[in-house]
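S.K.: coordinates only, sequence not included:
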């Protein structure tokens, strides 16, 4: 009859597996009951082993979560958590996400991605807090976070997540947008396009095409980056001697035909800048349903240069973001912050590229 396995043997086996990277940093050890059944011992015996490993700083036991390996080898790569909920809605986040994962395969870091990228904003909202908590419990070396948008309490949730990461003293890099914060709160490292300039660039393009009045259309609870784009549009339009007031701002659902009808459109003189391509695509369909002709009565443009933009009924003029470079610079800032997490926050604004198509050119 085989002798009973001692707790010391189990401890030595697990410790050896951790040191040999069988259980790398951030991974979960088997549940206590599972391991107890494997070794035919009591659950308290496994709990004792896990407590000993925790006392030595090799693991972290968290009630309701399990036991996470925290041991870092001297030559082990850094482990970063990805919180990019927008990857479920926009291609730009998928590209950024893929670039980060691609760099992790050849760089000095690993990425954890727990999938907070559902297409529904409400589902993303429910996932993002649990993903953040999981990364903190796993003691990742840093977190890349693209703040949530398009849900009513997004600002409060984004701030809550950022503060939780800060309290855990985990380096944090915000991607694509900042969070709305009051002046007395700390800011964060942010990498994005220059949204103010992006607004100015699009406004100048439409004015150069002969528009004399510009509107800006966006959905409720949009990201803070939209505020900057609006400011850029307003600044350029007013410098060119035209009016741009709250009467030119339309915050609503582009599918709502009654709301869309509220926009004053002077045939051959009006341009509409949309917050993104998805809004522009729906708005053009709504305008078409009302008999408003794109490129004849009105010009429309958007942002992000989604793949479908050039295949719409009226190919859409859009501003293409340098997604891969956004990811690359985010990594550089993360490495800087790993050396000293007390660095003064940096904001990096990159230039986008306008892609001109049919929707922003009058057919005279």
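M.R.: Cool, the structure landed. Since we're looking at a predicted model, the values are computed, not measured.

S.K.: From residue 19, how far off is residue 53?
M.R.: Residue 53 sits 11 Å away from residue 19 when distances are taken as C-beta to C-beta, to the nearest Å. The way it works is simple: take the backbone N, C-alpha and C, and place the C-beta from them, glycine included.

S.K.: can you check residue 168 too?
M.R.: From residue 168 to residue 19 the distance is 25 Å (C-beta to C-beta).

S.K.: which one of those two has more residues nearby?
M.R.: Of the pair residue 168 and residue 19, residue 168 is the one with more neighbours under other C-beta atoms under 10 Å, namely 16 against 12.

S.K.: Over to residue 192: give its phi and psi.
M.R.: The phi/psi pair for residue 192 (degrees, to the nearest 10) reads phi -160, psi 180.

S.K.: Tell me the bridge partners for it.
M.R.: residue 349 (DSSP bridges).

S.K.: Distance of it relative to residue 226?
M.R.: Separation of residue 192 from residue 226 (C-beta to C-beta): 12 Å.

S.K.: Comparing those two, which residue is more hemmed in?
M.R.: Ranked by neighbour count (other C-beta under 10 Å), residue 192 and residue 226 place residue 192 first, with 25 against 22.

S.K.: shouldn't that one be in contact with residue 349?
M.R.: Yes: if you go by C-beta atoms under 8 Å, residue 192 and residue 349 touch, sitting 6.4 Å apart.

S.K.: Any idea how many residues pack against residue 159?
M.R.: Residue 159, neighbours per other C-beta under 10 Å, totals 16.

S.K.: got it, and residue 293?
M.R.: 12.

S.K.: Next one: it from residue 223, what distance?
M.R.: Distance, residue 293 to residue 223, using C-beta to C-beta: 31 Å.

S.K.: Tell me who's in contact with residue 264.
M.R.: Residue 264 makes contact with 213, 215, 247, 270, according to C-beta atoms under 8 Å, 6 or more residues apart in numbering.

S.K.: which element is it on?
M.R.: Residue 264 is part of no helix or strand, with elements assigned from DSSP states H and E.

S.K.: Which residue ranges of this protein form helices?
M.R.: Assigned by DSSP state H, the helices in the chain fall at 7-19, 32-39, 43-55, 91-106, 121-137, 154-167, 195-208, 224-239, 257-260, 277-289, 323-339.

S.K.: okay if I get these as TSV plus mean pLDDT and distance to residue 355?
M.R.: Listed next are the helices of the chain as TSV, based on pLDDT from 0 to 100; distance: least, C-beta to C-beta, whole Å:
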stretch	mean pLDDT	distance to residue 355
helix 7-19	89	50
helix 32-39	91	54
helix 43-55	92	54
helix 91-106	85	14
helix 121-137	81	27
helix 154-167	90	29
helix 195-208	98	11
helix 224-239	96	16
helix 257-260	96	25
helix 277-289	96	11
helix 323-339	93	14
